[in-house]
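Engineer: pasting the structure only:
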Ligand SMILES: [Zn+2]
């Protein structure tokens, strides 16, 4: 159900991750979140100060919905923690860091289905020493599924509370989708791949309901596998992935606003598909039991906006990416506004939301780049709001009242 975006046309947010403040040098290193903030003074202080700083950055930038910057994630390689946080904490997973037989793992990179497909140059890059994606995958250290999968010590409810108590703005907590965790893990327990996928769905559904119990108004499930396996001969069908996703979010729309994030990858800000196109999977995305679907649209200049608008039914809102996480060049407010205006030719403002294409990550760009991209996003959306007679969201960073350069 709509909560935080009800009556908020063109509401703004980011996907989730922000670059860490330079002084936040502690890591969970496999510990449960509550253990770390409950027993380790240095971690606790740095964690809470970091989340407070990043929430403040987002408020200064003018975002309507904020995140905790994914500060629970360790500073490992190429965004591995997005999976790794779950690998290290869910029940039934183990053997992290063991060699699972190189070929077994190399055949299962996120994105591209089979890495060796000759017609998929981006996926094939994983197998080429000297390619940045090769180093990303070399360091990914997947888990092996060794027993019944359960939610373990994810503690998303505590992660949510830790951030929401720092701000009046709604905090959006996100999680890597269960089917994506399955796709990059190595199943050594379940007889059938689908059985394993559904086990991840059930476990995460329990976890998300705990986040609703904690009082969250919004939750984001990140990356169904649909667009990464479409067109490949993968062991799970698109219909099965839709069913698994809907099991993962079952019952949640009665309790909070459910978002589904989609993009084309983010390891070290790289695209992991060569020719990305949403078109073949739009009908499947429309069957997901969610309130909002996000699309990566800034990086490709809104190439598929008409198709996206036509395929996603009126029961869902569409969230476009107004800035990209792949470039260091900060977009201008005019560029953001132009993309929003083009989207409004196909989608009414009450169904349109604006975010970033994906998270800003931990190694892709500096905190300052991410900050000014957020400011540009909000200034650009405000330009359009003004034209439409909609209330603008304050952007304190752009007010200049106490500017050092002003006389
Ligand atoms: Zn993403």
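Structural biologist: Looks like it arrived, so ask away. Everything numeric in this text was worked out from a predicted model, so none of it was measured.

Engineer: so what's residue 136 closest to, chain neighbours aside?
Structural biologist: With CB to CB, 6 or more residues apart in numbering as the criterion, residue 136 has its nearest non-adjacent residue at 3.7 Å, and that residue is residue 78. No exception for glycine: its C-beta is placed from N, CA and C like everyone else's.

Engineer: am I right that the one you found sits in a strand?
Structural biologist: No. Per DSSP: H, G, I helix; E, B strand; the rest coil, residue 78 lies outside any strand segment and is coil.

Engineer: residues contacting it?
Structural biologist: By CB atoms under 8 Å, 6 or more residues apart in numbering, the contact list for residue 78 reads 135-136, 139-140, 267-268, 363.

Engineer: how near is it to the ion?
Structural biologist: Distance of residue 78 to the ion, computed by CB to the ion, to the nearest Å: 13 Å.

Engineer: next: residue 354.
Structural biologist: For residue 354, the distance to the ion - CB to the ion - is 15 Å.

Engineer: next, count neighbours for that residue.
Structural biologist: 27 (other CB atoms under 10 Å).

Engineer: residue 347 too?
Structural biologist: Around residue 347 there are 21 residues (other CB under 10 Å).

Engineer: hmm, residue 311 and it touching each other?
Structural biologist: No. Using CB atoms under 8 Å, residue 347 is not in contact with residue 311; the gap is 11.5 Å.

Engineer: so the residue in the stretch 201-350 of the chain positioned nearest to the ion, which of the three states?
Structural biologist: Nearest residue of the stretch 201-350 of the chain to the ion: residue 263, at 3.2 Å (CB to the ion). Classification of residue 263 using three-state DSSP returns coil.

Engineer: check contacts around it.
Structural biologist: Residue 263 sits in contact with 15, 223, 294-296, 321, 357-358, where contact means CB under 8 Å, 6+ apart.

Engineer: quick one: which two of those are the most distant?
Structural biologist: 223 and 321 (14.0 Å; CB to CB).

Engineer: for residue 368, report the pLDDT, please.
Structural biologist: Looking at residue 368, its pLDDT reads 98.

Engineer: and if you look at residue 345?
Structural biologist: 98.

Engineer: swap in residue 116?
Structural biologist: At residue 116, pLDDT is 42.

Engineer: residue of the stretch 301-407 of the chain nearest the ion, please.
Structural biologist: Nearest residue of the stretch 301-407 of the chain to the ion, counting by CB to the ion: residue 358, 3.2 Å away.

Engineer: from memory that residue sits against residue 297, does it?
Structural biologist: No. If you go by CB under 8 Å, residue 358 and residue 297 don't touch, sitting 11.2 Å apart.

Engineer: and for those two, which residues touch both?
Structural biologist: Listed as contacting both residue 358 and residue 297 by CB under 8 Å, 6+ apart are residue 321.

Engineer: in terms of neighbours, single out the busier of those two.
Structural biologist: Ranked by neighbour count (other CB under 10 Å), residue 358 and residue 297 place residue 358 first, with 29 against 26.

Engineer: might you report the residue contacts of the residue of the stretch 301-407 of the chain closest to the ion?
Structural biologist: 15, 261, 263, 265-266, 296, 321, 325.

Engineer: likewise for residue 236?
Structural biologist: Neighbouring residues of residue 236 by CB under 8 Å, 6+ apart: 179, 193-194, 197, 225, 229, 244.

Engineer: three-state assignment of it?
Structural biologist: Residue 236 ends up coil, using three-state DSSP.

Engineer: look up phi and psi at it.
Structural biologist: phi -120, psi 130 (degrees, to the nearest 10).

Engineer: repeat for residue 186
Structural biologist: Torsion angles at residue 186 (phi, psi; degrees, to the nearest 10) stand at phi -110, psi 110.

Engineer: residues contacting whatever residue of the stretch 1-150 of the chain ends up closest to the ion?
Structural biologist: Residue nearest to the ion within the stretch 1-150 of the chain: residue 15 (5.6 Å; CB to the ion). Listed by CB under 8 Å, 6+ apart, the contact set of residue 15 reads 67, 174, 220, 222, 261, 263, 294, 325, 355-359.

Engineer: now the residues you listed in JSON lines, with pLDDT and secondary structure?
Structural biologist: Conversion of these to JSON lines gives the following (pLDDT from 0 to 100; DSSP: H, G, I helix; E, B strand; the rest coil):
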{"residue": "67", "pLDDT": "98", "secondary structure": "coil"}
{"residue": "174", "pLDDT": "98", "secondary structure": "strand"}
{"residue": "220", "pLDDT": "98", "secondary structure": "strand"}
{"residue": "222", "pLDDT": "98", "secondary structure": "strand"}
{"residue": "261", "pLDDT": "98", "secondary structure": "strand"}
{"residue": "263", "pLDDT": "94", "secondary structure": "coil"}
{"residue": "294", "pLDDT": "98", "secondary structure": "strand"}
{"residue": "325", "pLDDT": "95", "secondary structure": "coil"}
{"residue": "355", "pLDDT": "98", "secondary structure": "strand"}
{"residue": "356", "pLDDT": "98", "secondary structure": "strand"}
{"residue": "357", "pLDDT": "97", "secondary structure": "coil"}
{"residue": "358", "pLDDT": "97", "secondary structure": "coil"}
{"residue": "359", "pLDDT": "97", "secondary structure": "coil"}
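
Engineer: of those residues, which is the nearest to residue 186?
Structural biologist: residue 222 (21.0 Å).

Engineer: check contacts around the closest one.
Structural biologist: 15-16, 82, 174-177, 180, 260-261.

Engineer: about what we covered before: could I get the contacts of residue 263 in JSON lines, plus columns for distance to residue 205?
Structural biologist: Below are the contacts of residue 263 laid out as JSON lines (distance: CB to CB, whole Å):
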{"residue": "15", "distance to residue 205": "22"}
{"residue": "223", "distance to residue 205": "16"}
{"residue": "294", "distance to residue 205": "20"}
{"residue": "295", "distance to residue 205": "24"}
{"residue": "296", "distance to residue 205": "26"}
{"residue": "321", "distance to residue 205": "27"}
{"residue": "357", "distance to residue 205": "27"}
{"residue": "358", "distance to residue 205": "24"}
